[in-house]
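**Student:** Provide a 3D model corresponding to the input given below.
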Amino acid sequence: MKIVILTLAAQRDKVIDNLIAEHLRKYGHEVHVHNYVGGAYQSIPYLKPDVIIHPMPGAEFKCQYVKRCKEWGCTVIVRRGEAGASRESFAAMDSDRQSIVLGNWDYSPYVDLELTWGQEFTDLLAEKGRMPKEKLKACGAFIFDAYFLPENKRDTNHEKTVLFATGWSCADDSPENSECGVAKDSPYHKVLYDKHTEGRKLWIETIKELVKWFSEQWRFTLKVRPGEQITKYIEAFGDTVDIYPQVTSSIDALKETDILVHSGSTMAIEAHLLGIPSFNFHNTNPDSLLASVCPRLETYRELEWNLARVNTQQSNISEDVFNELQKHLYGKIDGKACERAAGYIHEHIKHKRIETDIPDEWPKSPDYLEDGVHLKKQEGDMKWFCPSCKSRFYSLPGKPFTTCPYCGIGIKKIYKGGLTYES
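**Tutor:** Okay, the predicted model is just below:
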């Protein structure tokens, strides 16, 4: 069968989707991998697939996307990009955070199969979410499969390098332009926005101080979290910190790293698999296990002291917590999650007769038209171009962000080098 896999965040998901595609091809399927932004609205009418594998529909426009594909006869499969939560952590969350983890939008009528990470969260989804149990398959920890490939080894032939992996994506999703899975103007999103804005400010101040005193001893690098804008860091650090392009994968950044600093990220486990020590500085992760898998630090002095003294030749995570994470959150970390996912997909579709009726172009309807946004240019308007569905539209001058009226994706104006970009 013809399958299209849509990659949401290239730096996180591309390696996973390519591995799943590789295993699916072994079953004889024709598989195409395309970026979601820039490819979702073009690849389906062009390729006319039998099956689409879609990231979790964490926004209204993504729900509408899978709904339309289902109406055209496609088999729709969702792969979760995040592990979810353990039962203990989920119980400790408030209802707003629980809704984000489970999913704020009901896409169950349009999805045939959902691929998850660990069994504990899969059971939680069946009990408290919207997807029925028979549509859920726990595959294991997708994101770590690449670290079991023989070509992915740590490179130690470089100057001592400290990598900062940011975790402040909600600071770029202002409440009126939410992309984080929370409805626009949600009071809870304002809480997240304020927390992430404060956290990023602290990180920028801390990194500047470290660069000031230790730039001759250490090389400092930075990788932004999927969904977070890189421009704030470029403006803050200039050429004093080596900032990876946003498409750089975690594994490529980590292979030339000696110490990882994060704010409660799965990258701590990725670093562990390469034998790299890590520190959780100013944690933002609500999962108590993941937050405690490596030493937690809150102040500049704590961070400076530990960076100077840690053994850079071995991981420093808690093996007990690592094992608990596999049991309660991630599922198996054995390099075979993508292989299991491909097996579940093949089993689901191998006997299906799929008949599709996909048009030659994605239908355009201004379902997400907002006040101050115009389909035709009015006097004084500024022009917008949607990088996702390739539509042009206009708005009142001075808007730094808006929503595409045709596909619903949030778009920001990025100003760099005298040029303007939409992102």
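**Student:** only C-alpha atoms for contact and neighbour calcs from this point on.
**Tutor:** Noted.
**Student:** Break down the stretch 151-300 of the chain into its helices, ranges please.
**Tutor:** 187-214, 231-237, 250-254, 267-273, 288-291, 300-309 (DSSP state H, counting those that start in this stretch).
**Student:** could I get the shortest one in PDB with only the CA atoms?
**Tutor:** It refers to helix 288-291. The C-alpha trace of helix 288-291 is given here as PDB (Å, rounded to 0.1, in the frame of the first residue of the first chain):
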ATOM      1  CA  SER A 288       8.300  13.700  38.700                       C
ATOM      2  CA  LEU A 289      10.300  10.800  37.300                       C
ATOM      3  CA  LEU A 290      11.800  12.500  34.300                       C
ATOM      4  CA  ALA A 291      12.400  15.600  36.400                       C
END
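**Student:** just checking, what packs against it?
**Tutor:** Using 3 or more Cα pairs under 8 Å, 6 or more residues apart in numbering; DSSP states H and E, the elements in contact with helix 288-291 are helix 319-325.
**Student:** re the thing from before, the helices of the stretch 151-300 of the chain: which one's closest to Glu379?
**Tutor:** Closest approach to Glu379 among the helices of the stretch 151-300 of the chain (Cα to Cα): helix 231-237, 30.4 Å.
**Student:** so where's the stretch 1-150 of the chain shaky on pLDDT?
**Tutor:** For the stretch 1-150 of the chain, no stretch has pLDDT under 70.
**Student:** Give the buried residues for stretch 83-92.
**Tutor:** 83-86, 89-90 (16 or more other Cα atoms under 10 Å).
**Student:** can I get the residues you listed in CSV with secondary structure and distance to Glu60?
**Tutor:** Formatted as CSV, the buried residues of stretch 83-92 follow (DSSP: H, G, I helix; E, B strand; the rest coil; distance: Cα to Cα, whole Å):
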residue, secondary structure, distance to Glu60
Ala83, coil, 21
Gly84, coil, 19
Ala85, coil, 22
Ser86, coil, 26
Ser89, helix, 26
Phe90, helix, 23
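**Student:** Let's have those residues in a markdown table, adding distance to Lys135.
**Tutor:** What follows is the buried residues of stretch 83-92, written out as a markdown table (distance: Cα to Cα, whole Å):
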| residue | distance to Lys135 |
| --- | --- |
| Ala83 | 17 |
| Gly84 | 17 |
| Ala85 | 19 |
| Ser86 | 20 |
| Ser89 | 24 |
| Phe90 | 21 |
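**Student:** sorry, back to before: will you turn the helices of the stretch 151-300 of the chain into JSON lines that also has mean neighbour count?
**Tutor:** Below are these laid out as JSON lines (neighbours: other Cα atoms under 10 Å):
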{"stretch": "helix 187-214", "mean neighbour count": "16"}
{"stretch": "helix 231-237", "mean neighbour count": "13"}
{"stretch": "helix 250-254", "mean neighbour count": "19"}
{"stretch": "helix 267-273", "mean neighbour count": "22"}
{"stretch": "helix 288-291", "mean neighbour count": "21"}
{"stretch": "helix 300-309", "mean neighbour count": "13"}
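**Student:** mind putting the ones you listed in CSV, distance to Leu136 and mean pLDDT included?
**Tutor:** As requested, the helices of the stretch 151-300 of the chain are arranged in CSV below (distance: least, Cα to Cα, whole Å; pLDDT from 0 to 100):
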stretch, distance to Leu136, mean pLDDT
helix 187-214, 28, 92
helix 231-237, 38, 93
helix 250-254, 27, 93
helix 267-273, 25, 96
helix 288-291, 23, 90
helix 300-309, 41, 96
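**Student:** would you turn those helices into CSV with distance to Pro150?
**Tutor:** What follows is the helices of the stretch 151-300 of the chain, written out as CSV (distance: least, Cα to Cα, whole Å):
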stretch, distance to Pro150
helix 187-214, 33
helix 231-237, 33
helix 250-254, 13
helix 267-273, 12
helix 288-291, 26
helix 300-309, 29
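**Student:** of all these, which lies closest to Gly118?
**Tutor:** helix 288-291 (13.8 Å).
**Student:** contacts for the closest one?
**Tutor:** 89, 264-266, 280, 283, 285, 321, 324-325 (Cα atoms under 8 Å, 6 or more residues apart in numbering).
**Student:** at 6 Å what do you get?
**Tutor:** Gly264 (Cα atoms under 6 Å, 6 or more residues apart in numbering).
**Student:** what's the spacing between that helix and its chain's center?
**Tutor:** 18 Å (Cα atoms, centre = their mean, to the nearest Å).
**Student:** Let's verify the residue nearest to Val111 when sequence neighbours are not counted: helix, strand, or coil?
**Tutor:** With sequence-adjacent residues excluded and distances taken as Cα to Cα, 6 or more residues apart in numbering, Val111 is closest to Val76, at 5.0 Å. Of the three states, Val76 takes strand according to DSSP: H, G, I helix; E, B strand; the rest coil.
**Student:** follow-up on the earlier one: compare the helices of the stretch 151-300 of the chain and give me the one nearest Gly28.
**Tutor:** Taking Cα to Cα, helix 250-254 is the member of these nearest to Gly28, at 28.9 Å.
**Student:** Convert that closest one to CSV, retaining C-alpha atoms only.
**Tutor:** Extracted C-alpha coordinates of helix 250-254, given in CSV (Å, rounded to 0.1, in the frame of the first residue of the first chain):
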residue,chain,number,x,y,z
SER,A,250,19.3,15.8,19.2
ILE,A,251,21.6,13.0,18.3
ASP,A,252,23.8,15.1,16.0
ALA,A,253,24.1,17.8,18.7
LEU,A,254,24.8,15.4,21.5
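**Student:** Show me the one of the helices of the stretch 151-300 of the chain that comes nearest Thr356.
**Tutor:** helix 250-254 (37.1 Å).
**Student:** so what's Leu260 bridging to?
**Tutor:** Leu163, Ser278 (DSSP bridges).
**Student:** so it touches Ala165, yeah?
**Tutor:** No. Under the criterion of Cα atoms under 6 Å, Leu260 makes no contact with Ala165, lying 7.3 Å away.
**Student:** Nothing else from me, thank you.
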